[in-house]
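Trainee: Sequence plus the predicted model coming up.
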There are 2 protein chains.
Amino acid sequence: MEKAKNIKEIARLAGVSTATVSRVINHNGRFSKETEQRVLKVIQQNDYVPNMSAKGLRTSRTEVIGVMVPDITNPHFANLVLRLEMDFFAHGYSCLICNTNESQTLEQKHIQSLTAQNVSGIVLISGTRNYPDLSGLPVVYVDRPSRGPQAGGVMIESDNEEGGYLATCELLRAGCRHIAMLKCLANDTNQVARYRGFQRALAQWGMPEEEALRADLAEVSVDAAQTGIKALLARGAQFDGVMCTTDTLAAGAVIALREEGLEVPRDVLVTGFDDCQVAYICGPGITSVRQDVEQMAHLAAELLLGMIHGETPKQLYYKLPVSLTVRDSTRPRNAAIKQN
Amino acid sequence: MEKAKNIKEIARLAGVSTATVSRVINHNGRFSKETEQRVLKVIQQNDYVPNMSAKGLRTSRTEVIGVMVPDITNPHFANLVLRLEMDFFAHGYSCLICNTNESQTLEQKHIQSLTAQNVSGIVLISGTRNYPDLSGLPVVYVDRPSRGPQAGGVMIESDNEEGGYLATCELLRAGCRHIAMLKCLANDTNQVARYRGFQRALAQWGMPEEEALRADLAEVSVDAAQTGIKALLARGAQFDGVMCTTDTLAAGAVIALREEGLEVPRDVLVTGFDDCQVAYICGPGITSVRQDVEQMAHLAAELLLGMIHGETPKQLYYKLPVSLTVRDSTRPRNAAIKQN
DNA sequence: TTGAAAGCGCTAACAG
DNA sequence: CTGTTAGCGCTTTCAA
């Protein structure tokens, strides 16, 4: 038996008009209980699924969310995207995932493509805000603070400054007195905040920020971190701790130190940021600032779906708390370090 | 000045019919060079982007590819998805990414959602093949061999058997004589192939497969691997090498061994599979079988786009070569092990 | 080489 | 509570 594939045939089989079928499907009321039962039965019997292109054309909105992410292979973003996708799908929405590779040109193209496809909303993980095509479309900015003025939409981020502060305090508490700083401020404004937290902790402990111990990397990668650490050592920098603005950098730092004959935590302590699997896997485990990615995704989905349904968000800005996961990389085995 | 937002207005501004505009946009010929120039200019001046819902409704096909992946947070899949997304976007296609979490029910729902949205094709990373909704739609199966009979579509996978063989040979070559096997055969048929490669290598070296050294885990996770290794040790298993069917498992193995006072590679050698960043980051670096993810994604995109444009693929099955990335985890510092 | 017009499947205004 | 109908923006056949 041939299955009915459009609303007209369903209507015919159920002995009602297409309007009624549409109302039943979209829970728009104005039909009797019996009619509903009959229509739903026919729909089920025929495995009928409404054509989303038609619906999209008619309503100028599809049950699709655009998710723009710098790089899905970054474990932190992968986690975030997974959660977003799950949350949205639970509400009947699919996700168009767009990797922007930190390129504004590509980002612009993706946004154009997304609006052309009538997505209902966009989750934007980007420091850029001034996309004109976005006007009128619900947007939630996640994880990356704005480089310029916020143009509209909601913003959710972790308390990165506090995270940087926590990590640095942990190093200081564990006895570090000369902390190197591994960062990459180029694309990621989060890292600026983490760096500020670092500075605040030092100031609070009455310690100077040592120019010679700062490395600003060209990119966030294990390689760049290795190079950075080796460059520091090569020019004779003396440090007993390394604060890294990312777990990836921390992993690179640990590897580079090992290659240079320095063991973590015996000779140098290290902290990371994001609390990704690498922090756990890296030998030794790396103390890292944990972001609540699950909550971040959940909140983003909730807010965006709310906006899509016409609600106005209570706040325009949400800052989520962070915590510190302490591992071996800040547990000095060498008591000497504490006597500095 | 108000921008034109649909084909009708573009047509009016260019002084032609909508049909001509459509033909220009879709390169369907049957227009003069001058007309083309004029239309393109108006399109550009107005930043006009065709409404994809309308196009989708009309043609029953959208420039969207569905990508079904078990879990985007698995670095191997994240790499694959990133490459796929980049390749497809370069050809004007967006990707709906669907995490299936190894659930067939969820997979089924996603497929229904994808077909309802008139996607042009699907990349399916799954062991399941018998989805009826897929008939007529171009499908490329990637990375996961079929659990049952292949229903149609093209299949691309790495030579997992050879990979398992290579890894095992490396352990044997390095002096291992009692190799533990850490695997999780439940969902992932790839791992079965890797396991076969393991068996082939042992057989070739004239060595028995030791029942007592096999662990089949409930899931692919660091925790499961740790538990597995500790269980082996607890029941007094003696081994000098561990072959793992995944880098994640290998990382767990290294951690568990360390926690039990065994150092890699001093006491035990370890190999992983996938050559993800964890293999590099884990201290020590883990020797791992490298899959050419880039080529896999590239081939998948090429084949799927070809099928979408009506071509018939030359082959229905592609097996991609693998290689071994040797790291410290199979470079024994302890000469004694070689004299076994 | 170009235009007129039908219609994809759906929703929503309106009429009853 | 239910049906009729117009039309979303686009492609494509047919006619010129």
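Mentor: All right, it came through fine. These numbers come from a predicted model, not from an experiment.
Trainee: Check which helices and strands the helix or strand bottoming out on mean pLDDT in chain A is in contact with.
Mentor: Least confident helix or strand, chain A: helix A:277-281 with a mean of 90, by mean pLDDT, DSSP states H and E. If you count contacts as 3 or more C-beta pairs under 8 Å, 6 or more residues apart in numbering or on different chains; DSSP states H and E, helix A:277-281 packs onto helix A:247-259, helix B:222-234, helix B:277-281. All C-beta spots, glycine's among them, are computed from the backbone N, C-alpha and C.
Trainee: who's in contact with that helix?
Mentor: Contact with helix A:277-281 is made by A:75, A:247-248, A:250-251, A:272, A:285-288, A:325, A:327, B:222, B:251, B:255, B:277-278, B:281-282, as judged by C-beta atoms under 8 Å, 6 or more residues apart in numbering or on different chains.
Trainee: What strands flank the next helix or strand after that helix, and is each parallel or antiparallel?
Mentor: Counting by DSSP states H and E, the next helix or strand C-terminal to helix A:277-281 is strand A:287-291. With DSSP bridges as the test, strand A:287-291 is paired with strand A:269-274 (parallel), strand A:322-325 (antiparallel).
Trainee: Who are the contact partners of the closest residue to DNA strand D within the stretch 101-250 of chain A?
Mentor: Proximity of the stretch 101-250 of chain A to DNA strand D (C-beta to the nearest atom of the strand) peaks at A:Ala116, 8.3 Å away. Applying C-beta under 8 Å, 6+ apart to A:Ala116 gives the contacts B:Val49, B:Pro50, B:Asn51, B:Met52.
Trainee: pretty sure the third one is touching B:Asn6, no?
Mentor: Just to be clear, that refers to B:Asn51. Yes: B:Asn51 is in contact with B:Asn6 according to C-beta atoms under 8 Å; the separation is 6.8 Å.
Trainee: if I look at the residue of the stretch 101-250 of chain A at minimum distance from DNA strand C, how far off is A:Thr59?
Mentor: Minimum separation of the stretch 101-250 of chain A from DNA strand C (C-beta to the nearest atom of the strand) falls at A:Asn118, amounting to 11.9 Å. Counting by C-beta to C-beta, to the nearest Å, the gap from A:Asn118 to A:Thr59 is 8 Å.
Trainee: List the contacts of the residue of the stretch 101-250 of chain A closest to DNA strand C.
Mentor: A:Gly56, A:Ser60, A:Arg61, A:Thr62, A:Val64, B:Asn51, B:Met52, B:Ser53.
Trainee: ok, which pair from these is furthest apart?
Mentor: A:Val64 and B:Asn51 (13.9 Å; C-beta to C-beta).
Trainee: Look at the two and report which has more neighbours.
Mentor: When A:Val64 and B:Asn51 are compared for neighbours, A:Val64 comes out ahead with 24 against 20, by other C-beta atoms under 10 Å in any protein chain shown.
Trainee: which residues does the more buried one form a beta bridge with?
Mentor: Note on A:Val64: beta-bridge partners by DSSP bridges are A:Ser94.
Trainee: Please verify my assumption that A:Val69 contacts A:Ile122.
Mentor: No: assessed by C-beta under 8 Å, A:Val69 is found out of contact with A:Ile122, at 11.3 Å.
Trainee: Common neighbours of these two, please.
Mentor: By C-beta under 8 Å, 6+ apart, A:Val69 and A:Ile122 have no common neighbours.
Trainee: what are the ranges of the strands in the stretch 51-200 of chain A?
Mentor: Remark: strands assigned in the stretch 51-200 of chain A by DSSP state E, counting those that start in this stretch are A:64-69, A:94-99, A:121-124, A:139-142, A:154-158, A:179-183.
Trainee: Redo these as a markdown table? Include mean pLDDT and distance to A:Asp216.
Mentor: Below are the strands of the stretch 51-200 of chain A laid out as a markdown table (pLDDT from 0 to 100; distance: least, C-beta to C-beta, whole Å):
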| stretch | mean pLDDT | distance to A:Asp216 |
| --- | --- | --- |
| strand A:64-69 | 96 | 24 |
| strand A:94-99 | 94 | 25 |
| strand A:121-124 | 95 | 26 |
| strand A:139-142 | 94 | 25 |
| strand A:154-158 | 94 | 22 |
| strand A:179-183 | 96 | 6 |
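Trainee: quick one, which of those strands is nearest to B:Met296?
Mentor: strand A:94-99 (17.0 Å).
Trainee: quick one, that closest one and strand A:64-69 angle?
Mentor: 20 degrees (axes from the mean of the first three to the mean of the last three C-alpha atoms, to 10 degrees).
Trainee: what helices or strands is strand A:94-99 leaning on?
Mentor: Packed against strand A:94-99 by the contact rule (3+ C-beta pairs under 8 Å, 6+ apart) you find strand A:64-69, helix A:75-90, helix A:104-116, helix B:75-90, strand B:94-99, helix B:104-116.
Trainee: Tell me the residues of chain A that contact DNA strand C?
Mentor: Residues of chain A found near DNA strand C (C-beta under 7 Å from any atom of the strand) are A:5-8, A:18-19, A:21-22, A:25-26, A:28, A:50-51, A:54-55, A:57-59.
Trainee: ok so, going back, now the contacts of helix A:277-281: which count as buried?
Mentor: A:75, A:247-248, A:250-251, A:272, A:285-288, A:327, B:222, B:251, B:255, B:277-278, B:281-282 (16 or more other C-beta atoms under 10 Å in any protein chain shown).
Trainee: circling back to that earlier point, redo the strands of the stretch 51-200 of chain A as TSV? Include distance to B:Gly152.
Mentor: Output for those, formatted as TSV (distance: least, C-beta to C-beta, whole Å):
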stretch	distance to B:Gly152
strand A:64-69	27
strand A:94-99	24
strand A:121-124	35
strand A:139-142	39
strand A:154-158	43
strand A:179-183	51
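Trainee: Tabulate those in CSV, adding columns for distance to DNA strand D.
Mentor: What follows is those, written out as CSV (distance: least, C-beta to the nearest atom of the strand, whole Å):
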stretch, distance to DNA strand D
strand A:64-69, 17
strand A:94-99, 19
strand A:121-124, 19
strand A:139-142, 21
strand A:154-158, 28
strand A:179-183, 46
